[in-house]
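Novice: task: produce atomic coordinates for the following.
(chains A, B, C and D)
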Protein chains: 4
Amino acid sequence: MSIEIAVIGAGRIGQIHARNIARHPDARVRYVVDVNAEAATRLADACGASVSDETTALTDPAVDGVVIASSTDTHLPLIVACADSGKSVFCEKPLDLDTSRAEQCRAAAADAGIDLFVGFNRRFDPTFRKIRDAVADGRVGQLEMVTVTSRDPAPPPLAYLRRSGGLFRDMMIHDFDMVCWLTGSEPKSVFATGAARVSQDVIDAGDVDTAAVVVEMHDGAYCQISNSRRCVYGYDQRIEVFGAAGMLRAGNATETRVESADAGGFHTEPALPFFLERYDAAYRHETDDFVRALAGKPHALPGARDGVRALQLADAAEASLKEGRAVPVAG
Amino acid sequence: MSIEIAVIGAGRIGQIHARNIARHPDARVRYVVDVNAEAATRLADACGASVSDETTALTDPAVDGVVIASSTDTHLPLIVACADSGKSVFCEKPLDLDTSRAEQCRAAAADAGIDLFVGFNRRFDPTFRKIRDAVADGRVGQLEMVTVTSRDPAPPPLAYLRRSGGLFRDMMIHDFDMVCWLTGSEPKSVFATGAARVSQDVIDAGDVDTAAVVVEMHDGAYCQISNSRRCVYGYDQRIEVFGAAGMLRAGNATETRVESADAGGFHTEPALPFFLERYDAAYRHETDDFVRALAGKPHALPGARDGVRALQLADAAEASLKEGRAVPVAG
Amino acid sequence: MSIEIAVIGAGRIGQIHARNIARHPDARVRYVVDVNAEAATRLADACGASVSDETTALTDPAVDGVVIASSTDTHLPLIVACADSGKSVFCEKPLDLDTSRAEQCRAAAADAGIDLFVGFNRRFDPTFRKIRDAVADGRVGQLEMVTVTSRDPAPPPLAYLRRSGGLFRDMMIHDFDMVCWLTGSEPKSVFATGAARVSQDVIDAGDVDTAAVVVEMHDGAYCQISNSRRCVYGYDQRIEVFGAAGMLRAGNATETRVESADAGGFHTEPALPFFLERYDAAYRHETDDFVRALAGKPHALPGARDGVRALQLADAAEASLKEGRAVPVAG
Amino acid sequence: MSIEIAVIGAGRIGQIHARNIARHPDARVRYVVDVNAEAATRLADACGASVSDETTALTDPAVDGVVIASSTDTHLPLIVACADSGKSVFCEKPLDLDTSRAEQCRAAAADAGIDLFVGFNRRFDPTFRKIRDAVADGRVGQLEMVTVTSRDPAPPPLAYLRRSGGLFRDMMIHDFDMVCWLTGSEPKSVFATGAARVSQDVIDAGDVDTAAVVVEMHDGAYCQISNSRRCVYGYDQRIEVFGAAGMLRAGNATETRVESADAGGFHTEPALPFFLERYDAAYRHETDDFVRALAGKPHALPGARDGVRALQLADAAEASLKEGRAVPVAG
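Specialist: Numbers count the residues shown, from 1 in each chain, chains lettered A, B, ... in the order given. Predicted coordinates:
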């Protein structure tokens, strides 16, 4: 008996989730919903699903769960609708660009008693997960310093930037979730610096593309996060955790393990190009866990509270950037 | 329109191929054949295929190709039957333990005009392929030295050893194919040393478990191959090619990219445990190419000639081990 | 004709400098001065020098330069005395724990027209120097992010901590100098967080042992610095510079290049234990440059201005730590 | 009280030894002897030694030991002269190109009761020594496979090649000694292949520049050795030892630990250029041990027997290359 899932949003990220569901031995994409009928049809065909509309998809009793991968502004009404129909939801990050609306998402789900999971895909990366498990097992002892480096290959287009909510809500939100997840602690305060140094589009959007942030956790660990919207050697995704008993770090992944040597020295490949390649396995494991959750099995999916907290960190970072001081994190 | 494939043999390797075919968007497992009815049924169910017998599978006009993954002694009669039915074949290595019977396989296929491909899976490993392509592109200049290190995690059981054909036909046969494929040249002579140092079972089977071999190619490159049936740090699979313009090498793959540090120093994971994990991607790419071949598209599958040549190298190595001298390779 | 140098201070760091001078083909330790007569005699004997007192050492016309490696509180009067005698000075860091006194050192030297060099030994590490030269050559393009990780193996004794001036003046002062030197820019503001998490002694001394600091430079680069007084895997000394055209980083040095593999995976050595081992070559190159400077040749020694600036950064960091906001750097 | 040493031969290798002795706190170069008076004077001046002739140097009772770094054909008469005068000798490798003459060296020293040490400098490389000590401590368990890769940056001039004794005596002799030293066992047989592929000079000298050799040891370990006279990425010097309990390997050394990243990937430096840089520390440790030996203290210097054995291996390799079979090693 298969878990039946409706996928709302047939764009890039919706396609990833739909295809991973379609390949899953215990799950099936029942419906694909998208305002773009052509995109919906194409994805439905590729997954053996039907094209449908929101109302049908969310009210069909055969649907076990809903993946929301549509534009951010649609998340709140869709989550409310799912809550009304009693459907569990996996929603892409961020829940909303506005923390109070994200909180409404959380409350709607909680009131209705549905699960609301948030797509922090990096938690499902095998390398990061191994580090997090080792930290939880006490392998580095008392955690003292976490360092997260996230660099995108190139800035997104101006149109994307304008509606992205800014670097802290669009990009660093993953790193904010990572430091909470890795430390197993709650954020106390944030200090943020940053500037637009990479791209005129970023200046035009009133955003920053380069940022260095320090988060202090309630358990005393400090977290250094640096972001850049441009990185010529690929999608740079590294973390390091340091504590009383040692250090663990995650290096970048490459396509192959070839090393070459010539008169210039020794050479290895650039990092994988971007998140689709880098987090390919993470997306699959995330889907696995959503299917497990819908089947009532143990899973490790982050919930609405995690989604709200990451936004609270982004809010605090934005305030800190303006005020030049450490800002306490709400919550 | 899907490529329809019959899979003969529902053991470990047959399962890998069947599942990769089942996941392929353009192919389907039509039949699973195995003398063990339970194994056949289980695999057929997992792949959406029917259980069948050889005659049905090989004569059904809807079958485009046959995967032979049954025991080595069945390869020759099955290939002859496929040749009679005009079905293209992908046969697991080795074609046969006896070179003259392998040659009969090749001849039967050639006479009938069917394709006969051999399962040298390592050619489809992305890391090795990248090195081979770089060599073919002249990136290391004139090739002078190839070094192949293959170490299994632990010796197989005595029963397997007794019917394996010995280290050179069972294990080093992959490395023999690799050096021919990497250099793009033909073997001229082989010198082999080796002994049973790892396991009493190997002694009982009259085999060796540790071997150091030098192959000289017609283009002048020397190839050093070392094999061991035991390796405590995982399945060690490395190659290095050295030439006038530089060097390329393939390191071992690991499950994650975690590095840890403690008072003992810096640590990374053991190599992946064995071939199923290490060559997971290679098996998928191999299936992709078989489907392409059956669809009449370009592919890189090794043929019967490659299978025979690797056996000729194994024969020469065995002779060299006995005689203590370099032995010319037939062909 | 040899350069004649007086070494004041026969402790650990004085011994390093004296021995490097004694091994130098063009230089000689003429005098060793220390209030501890036994230490002075032992070092003088090892270097073929005479034991002397300050007055003699600083007024002997044969003395070309003076190395000041005595306790920090003696630096100012000694520098003034050297200025009076017209002797060029190499002074260990910090010039003084108090910035205004350090500024007096600088002014005394400037007024007297003597050279006053400061012992920021890391500038002479071949790995760091290669990175700095590559940055200066534009190899990473516009510099956007500098990350410096400095971790001592273990906290110093309480007595040392009490007179150390605190983590920012005693330990991070090196990193403050590094970011100025690497970027070739001046510091604009500092944000500092930190706590005593490692040692009760540090708490007793009213100091911090764990700190995460962000320095913003006038050219727009952000510098992340993290320090810890405890590191179980050796003396961790890494830097990374990131910019528009790429990234450069310095890994830790080890005693040998041995890699081992066992069932637990692959292992390399801990980082070198502490600064004597890690900066052995740097100390030699530093001496080479002091000898060159005294001989009127080109050199790369940091001057009094660099020493003062690093203290201004430490002052700002201390203020930031108290106030929870970014603090502008004087100068 | 200083150990007084006479250095015979003021060429490249004589200079290394003389300067390391001159820098040694417990030793002194008393005499430098060379037929080239200018070279002798220059080196003597640099080391604070006197220029002298063989007779004076070898008969002066103040001389504790003699370093022979003159041309290979002079080794035998000089060793005999040292034996007559009762002076202990450190002789550069090889003792002689002819094994019977090398044996005469050994016998002369043994009969006279003097120590005769041979300059296998690689035994003093800290990385190799750490591996050898780990093997001796049983860290890899029963040793099964040793792999030695030695690649010179470029072939020597024709004149050198003609009098070098050939690749096996001139270059691989170091590797022959290494495998005996690493395994702690004696060689049983050698199989050698090789050809001139790099240089016309090598063809003209009747030598080979590329070789792959297998040595079987009496304890059952196999040793793969590969040599090349050309390597574009520096002086490639690697060893790997593999056994029942794991693997140890020595990577190449580089000048710094800088890693760079750009659109082409990640890059590290070429290997150090040649033996002077690569074995700089080894030469110093070798001198340290010769001084210890002359002072009657424990040391790890290889003796005449090791020098003869390496030549016996070279003889066997040369015979094997001609005969195409494994050749037993004398002794």
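
Novice: rest of the way, CA atoms for contacts and neighbours
Specialist: Fine.

Novice: who's in contact with the one residue in the stretch 1-150 of chain A that gets nearest to chain C?
Specialist: For the stretch 1-150 of chain A, the residue positioned closest to chain C under Cα to the nearest Cα is A:Glu144, at a distance of 7.4 Å. A:Glu144 sits next to A:220-222, A:241-244, C:197, C:210 when contact means Cα atoms under 8 Å, 6 or more residues apart in numbering or on different chains.

Novice: and with 7 Å instead?
Specialist: The contact partners of A:Glu144, taken as Cα atoms under 7 Å, 6 or more residues apart in numbering or on different chains, are A:220-222, A:242-243.

Novice: what about the residue of chain A found nearest chain C, distance to chain B?
Specialist: Per Cα to the nearest Cα, A:Arg325 is where chain A lies closest to chain C, at 3.7 Å. The spacing between A:Arg325 and chain B, counted by Cα to the nearest Cα, to the nearest Å, is 34 Å.

Novice: could you chop chain A up by domain?
Specialist: Domain assignment of chain A by automatic domain parsing yields the ranges A:3-119, A:123-278+A:303-328.

Novice: can those domains go into CSV with extra columns for mean pLDDT?
Specialist: Converted to CSV, the domains of chain A look like this (pLDDT from 0 to 100):
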stretch, mean pLDDT
domain A:3-119, 97
domain A:123-278+A:303-328, 97
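
Novice: which one of these lies nearest to C:Arg122?
Specialist: Across the domains of chain A, the minimum distance to C:Arg122, taken as Cα to Cα, is reached by domain A:123-278+A:303-328, at 22.9 Å.

Novice: show me how far the closest one is from its chain's centre.
Specialist: 11 Å (Cα atoms, centre = their mean, to the nearest Å).

Novice: same deal with stretch A:46-60?
Specialist: For stretch A:46-60, the distance to the chain centre is 25 Å (Cα atoms, centre = their mean).

Novice: that stretch: end-to-end distance?
Specialist: The first residue of stretch A:46-60 is 21 Å away from its last residue (Cα to Cα, to the nearest Å).

Novice: next one: stretch A:117-137
Specialist: End to end - Cα to Cα - stretch A:117-137 spans 25 Å.

Novice: not counting its neighbours along the chain, what's nearest the residue of the stretch 51-200 of chain A found nearest chain B?
Specialist: The nearest approach of the stretch 51-200 of chain A to chain B comes at A:Thr127, 4.8 Å away (Cα to the nearest Cα). Excluding its sequence neighbours, the residue lying closest to A:Thr127 (Cα to Cα, 6 or more residues apart in numbering or on different chains) is B:Thr256, at 4.8 Å.

Novice: near the one you found, how many other residues are there?
Specialist: Close neighbours of B:Thr256, defined as other Cα atoms under 10 Å in any protein chain shown, add up to 19.

Novice: just A:Glu277 next, same as before
Specialist: Neighbours of A:Glu277 using other Cα under 10 Å come to 15.

Novice: tabulate the CA atom coordinates of the helix or strand harbouring it in PDB.
Specialist: A:Glu277 is located in helix A:275-278, with elements delineated by DSSP states H and E. Only the C-alpha atoms of helix A:275-278 are listed here, as PDB (Å, rounded to 0.1, in the frame of the first residue of the first chain):
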ATOM      1  CA  PHE A 275      22.700  22.700  -4.600                       C
ATOM      2  CA  LEU A 276      21.000  20.300  -7.000                       C
ATOM      3  CA  GLU A 277      24.200  18.300  -7.400                       C
ATOM      4  CA  ARG A 278      25.500  18.900  -3.900                       C
END
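
Novice: distance of the most centrally placed residue in chain A from chain D?
Specialist: Chain A has A:Phe120 as the residue nearest its centroid, 3.0 Å off, counting by Cα atoms, centre = their mean. According to Cα to the nearest Cα, A:Phe120 and chain D sit 28 Å apart.

Novice: thinking again about what came up before, so how far is C:Ser189 from the residue of chain A closest to chain C?
Specialist: Distance of A:Arg325 to C:Ser189, given as Cα to Cα: 12 Å.

Novice: quick one: name the residues of the stretch 201-331 of chain A near chain D.
Specialist: A:232-233, A:261-270 (Cα under 7 Å from any Cα of the partner chain).

Novice: can you say which of the residues you listed are buried?
Specialist: Among these, those classed as buried by 16 or more other Cα atoms under 10 Å in any protein chain shown are A:232-233, A:261-262, A:265-270.

Novice: check those one by one and keep those near chain C.
Specialist: A:232-233.

Novice: among the buried ones among the residues of the stretch 201-331 of chain A next to chain D, which are in strands?
Specialist: A:261-262, A:265-268 (DSSP state E).

Novice: quick one on the thing from earlier: quick one, phi/psi of the residue of chain A closest to chain C?
Specialist: Backbone torsions of A:Arg325, given as degrees, to the nearest 10, read phi -140, psi 160.

Novice: got the residues of chain A near chain C?
Specialist: A:212, A:222, A:231-233, A:245-246, A:324-326.

Novice: and the helices in the stretch 51-200 of chain A?
Specialist: A:54-59, A:75-85, A:99-112, A:126-136, A:158-162, A:167-170, A:172-183, A:200-204 (DSSP state H, counting those that start in this stretch).

Novice: Serialize these to CSV and add fields for distance to A:Arg28.
Specialist: Output for the helices of the stretch 51-200 of chain A, formatted as CSV (distance: least, Cα to Cα, whole Å):
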stretch, distance to A:Arg28
helix A:54-59, 14
helix A:75-85, 19
helix A:99-112, 24
helix A:126-136, 24
helix A:158-162, 31
helix A:167-170, 30
helix A:172-183, 28
helix A:200-204, 40
